[in-house]
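Enquirer: here's a sequence, model it:
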Amino acid sequence: MWLLVLPLTLAATLVAAVRHPTSDWADAASAGHYLLAGHLDVFAEFPKVQMGPLALLLAGSVSGEVYMAAVCALLPVLLWLITLPYPRTRKTYGRVLFGALLLAWPWAAYGVQGHGDDAIVMVGVVVMVTSLEMQREVGVVTGFVIALLAKPIALLFLPLSFAHSRRAGAVAALGAAVLWAPFFLANVSGFFAAGSGKGDLWPNSLIDLLGGEPHTGFPGWVRPVQLVGGLALCWVLARRRGPAAAVAGVLAFRVMLEPGTWNYYSTAVIVAGMMLDLKRGFRIPWATLLGFVSFAATLGVPPLSLGQGVVRLLALGGGLVLAFGKDQRLPDAAATNARQAILVRE
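Expert: Got it, this is the predicted structure:
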């Protein structure tokens, strides 16, 4: 109960202090009302709103206060899902509770800044990882469809479906394509134009430090590199290091390449870090801590200072390196066999 109630209470207290969502909430709500009115060309009319139909329906159907409360309510669901593949021990719950207390503030940022889409994506991705650990094909497919309906960037996690089986991957891809088809067909050119990304290149982001010119909009190569690189990274890590490592690596890679440096980008990195730390059995939750550092380094409204930008990138780079590391303990099945062998010898 503490694992579920304490982080929820903390996140709810933080959003209650703000009282009403800010930042991208107004655009999300406007697009949501437009979609609820039956306009399937919503992405052509609102190209700045990089959210899926599920997230827009939520934003358009409730008030700002209820919206923030709904986002907070997803936090205990997420935490419960993370624990499912592991033994119900104090060690498991203690690790997740520690990460959850670090996550409460960043998770509240999802609601405050009007990004319930990212919250829904992470719930869907956690469903995928948990279902893969428990070998449940329906959960893998369902998690992917939920995530992709919340935000197109969830396409990066399609390789997780194929990591379970070709059938799961094919069903997930087909289901998502069918659900997105009406929005694509409503305005094909507008749909593609919206997918290119509408935003600003902030100072002391990775692209700026590599020679980009701040305040010039998104470079045209960013989204294709994030897509192709993320898909490849997800496939390789899922095969070699498991689904938790794949999610942690993909999210760290994606956030590192983001032209913007908003703090809520790192919330997903913290969630992925919690899953990776739990899977690897780290005594010190390094991946979770690095994700939180990347969030804390970006507090305030961009642009960041040079020091903040460097700390953020180092933390994200550290998370990416951890994703490629090896497990620090035997897998559950192997550990069980080892214990049985010891008992037989005794």
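
Enquirer: list the contacts for the residue lying closest to Leu84 once chain neighbours are set aside?
Expert: Spatial nearest neighbour of Leu84, excluding adjacent residues (Cβ to Cβ, 6 or more residues apart in numbering): Thr130 at 5.1 Å. C-beta coordinates here come from the backbone N, C-alpha and C atoms, glycine included. Thr130 makes contacts with 81-82, 84-85, 139, as judged by Cβ atoms under 8 Å, 6 or more residues apart in numbering.

Enquirer: kindly report the same for Leu101.
Expert: Residues in contact with Leu101 (Cβ under 8 Å, 6+ apart) are 6-7, 10.

Enquirer: in TSV, list those along with neighbour count.
Expert: Putting those into TSV (neighbours: other Cβ atoms under 10 Å) gives the following:
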residue	neighbour count
Leu6	15
Pro7	26
Leu10	18
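
Enquirer: got the buried residues for the helix or strand harbouring Ala59?
Expert: Here Ala59 sits within helix 53-61, counting by DSSP states H and E. Neighbour-count burial for helix 53-61, with 16 or more other Cβ atoms under 10 Å as criterion, is recorded at 53-60.

Enquirer: same check on stretch 283-294?
Expert: So stretch 283-294, judged by 16+ other Cβ under 10 Å, has buried residues 285-294.

Enquirer: save those as TSV, and put in pLDDT, secondary structure and distance to Ile120 too.
Expert: Below are those laid out as TSV (pLDDT from 0 to 100; DSSP: H, G, I helix; E, B strand; the rest coil; distance: Cβ to Cβ, whole Å):
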residue	pLDDT	secondary structure	distance to Ile120
Pro285	95	coil	24
Trp286	96	helix	27
Ala287	97	helix	22
Thr288	97	helix	21
Leu289	97	helix	25
Leu290	98	helix	24
Gly291	97	helix	19
Phe292	98	helix	21
Val293	97	helix	25
Ser294	97	helix	21
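
Enquirer: now do stretch 194-203: distance to the chain's middle.
Expert: Centre-to-centre, stretch 194-203 and its host chain are 19 Å apart (Cα atoms, centre = their mean, to the nearest Å).

Enquirer: then stretch 195-210?
Expert: The mean C-alpha position of stretch 195-210 is separated from the chain mean by 19 Å, Cα atoms, centre = their mean.

Enquirer: now the terminal residues of it, how far apart.
Expert: In stretch 195-210, first residue to last residue: 24 Å (Cα to Cα, to the nearest Å).

Enquirer: give the buried residues for stretch 166-180.
Expert: Quick answer for stretch 166-180 (16+ other Cβ under 10 Å): 168-169, 171-173, 175-176, 180.

Enquirer: in helices only, show me those residues.
Expert: Judged by DSSP state H, the subset of the buried residues of stretch 166-180 located in helices is 168-169, 171-173, 175-176, 180.

Enquirer: so which of the contacts of Leu101 comes closest to Ala154?
Expert: Of all these, Pro7 has the smallest distance to Ala154: 23.5 Å, by Cβ to Cβ.

Enquirer: can you give me the helices in the stretch 151-300 of the chain?
Expert: Per DSSP state H, counting those that start in this stretch, the stretch 151-300 of the chain carries helices over the ranges 158-164, 166-186, 188-194, 206-209, 222-240, 243-257, 267-280, 286-296.

Enquirer: any idea which of those helices gets closest to Asp41?
Expert: With Cβ to Cβ as the criterion, Asp41 lies closest to helix 166-186 of the helices of the stretch 151-300 of the chain, at 4.2 Å.

Enquirer: from memory Gly175 sits against Ile146, does it?
Expert: No: in this structure, Gly175 is not within contact of Ile146 by Cβ atoms under 8 Å, at 10.5 Å.

Enquirer: from the buried residues of helix 53-61, which is closest to Val222?
Expert: Ala55 (21.5 Å).

Enquirer: give me the secondary structure label for Val123.
Expert: helix (DSSP: H, G, I helix; E, B strand; the rest coil).

Enquirer: what does the pLDDT read for it?
Expert: With respect to pLDDT, Val123 scores 98.

Enquirer: secondary structure element for Ala44, which one?
Expert: Ala44 is part of helix 42-45 when elements are defined by DSSP H and E.

Enquirer: now do the buried residues in that helix.
Expert: In terms of neighbour count (16+ other Cβ under 10 Å), helix 42-45 has its buried residues at 42-45.

Enquirer: again, but for stretch 16-32
Expert: Buried residues in stretch 16-32, defined by neighbour count with 16+ other Cβ under 10 Å: 18, 21, 24-25, 27-32.

Enquirer: now those residues in JSON lines, with pLDDT and secondary structure?
Expert: JSON lines is the format used below for the buried residues of stretch 16-32 (pLDDT from 0 to 100; DSSP: H, G, I helix; E, B strand; the rest coil):
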{"residue": "Val18", "pLDDT": "92", "secondary structure": "helix"}
{"residue": "Pro21", "pLDDT": "94", "secondary structure": "coil"}
{"residue": "Asp24", "pLDDT": "91", "secondary structure": "coil"}
{"residue": "Trp25", "pLDDT": "93", "secondary structure": "helix"}
{"residue": "Asp27", "pLDDT": "93", "secondary structure": "helix"}
{"residue": "Ala28", "pLDDT": "95", "secondary structure": "helix"}
{"residue": "Ala29", "pLDDT": "96", "secondary structure": "helix"}
{"residue": "Ser30", "pLDDT": "96", "secondary structure": "helix"}
{"residue": "Ala31", "pLDDT": "96", "secondary structure": "helix"}
{"residue": "Gly32", "pLDDT": "97", "secondary structure": "helix"}
